[in-house]
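1. predicted model and sequence below, questions to follow.
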Amino acid sequence: MRYRTTKDISFPFRIIPLVREIGKTKMEIKVVLKSNYRPALLGQKIEVKIPTPQTTAGVNLFCNKGRSKYKSSDNAVVWRIKRMAGLKEAQLTAEIELLPSTETRK
């Protein structure tokens, strides 16, 4: 979707991210996508790209709506939803395994 307006901007979706480091080699990302439009309307072909660290070794994905997969070439999780009604929400959880760091912090 593309918008061009100068005042009274209201976006069709609200994205709420939550990133949590579990350890040195593991992190968890939760993303909640809320639709802000009327219930009579449908959003179609929705795609959300979530960037991941360069040191990502593996990803476990869980989503309650749509499909998701990890694209190592883009270093991103791609979440696709075919259809979403207005005033609804969907959630994606990604457990990311990281490669051990060789740097030591002082």
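-> Arrived safely, thanks for sending.

2. mind listing what's buried along stretch 49-63?
-> Residues of stretch 49-63 classed as buried under the neighbour-count rule (16 or more other Cβ atoms under 10 Å) are Ile50, Thr52, Thr56, Val59, Leu61, Cys63. (Glycine included, C-beta is placed from N, CA and C.)

3. and the fifth one, what helix or strand is that in?
-> In this case it means Leu61. Secondary structure assignment for Leu61, by DSSP states H and E: strand 56-63.

4. other SSEs contacting whichever helix or strand comes after that strand?
-> Once the chain leaves strand 56-63, the next helix or strand it forms, by DSSP H and E, is strand 67-71. Strand 67-71 makes packing contacts with strand 56-63, strand 76-85, strand 89-98 when contacts are defined by 3 or more Cβ pairs under 8 Å, 6 or more residues apart in numbering; DSSP states H and E.

5. surely Phe11 and Asn36 touch.
-> Yes - taking Cβ atoms under 8 Å as the contact criterion, Phe11 and Asn36 are neighbours in contact, 6.5 Å apart.

6. on that earlier part again, quick one, which of the helices and strands packed on strand 67-71 gets closest to Lys45.
-> Each of those was scored for nearness to Lys45 using Cβ to Cβ, and the closest is strand 76-85 (7.0 Å).

7. what's that closest one in contact with?
-> Among residues not part of strand 76-85, those counted as contacts by Cβ atoms under 8 Å, 6 or more residues apart in numbering are 29, 31, 33, 35, 39, 41-52, 59, 61, 63, 65-71, 90, 92, 94.

8. restricting to C-alpha, output that strand in PDB.
-> Presented in PDB, the C-alpha positions along strand 76-85 are these (Å, rounded to 0.1, in the frame of the first residue of the first chain):
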ATOM      1  CA  ALA A  76      15.100 -11.600   7.700                       C
ATOM      2  CA  VAL A  77      11.900 -13.400   8.700                       C
ATOM      3  CA  VAL A  78       9.200 -13.000   6.100                       C
ATOM      4  CA  TRP A  79       5.600 -13.200   7.500                       C
ATOM      5  CA  ARG A  80       2.800 -13.400   4.900                       C
ATOM      6  CA  ILE A  81      -0.900 -13.200   5.700                       C
ATOM      7  CA  LYS A  82      -3.400 -13.800   2.800                       C
ATOM      8  CA  ARG A  83      -6.400 -12.000   4.400                       C
ATOM      9  CA  MET A  84      -7.000 -10.000   7.600                       C
ATOM     10  CA  ALA A  85     -10.300  -8.400   8.700                       C
END
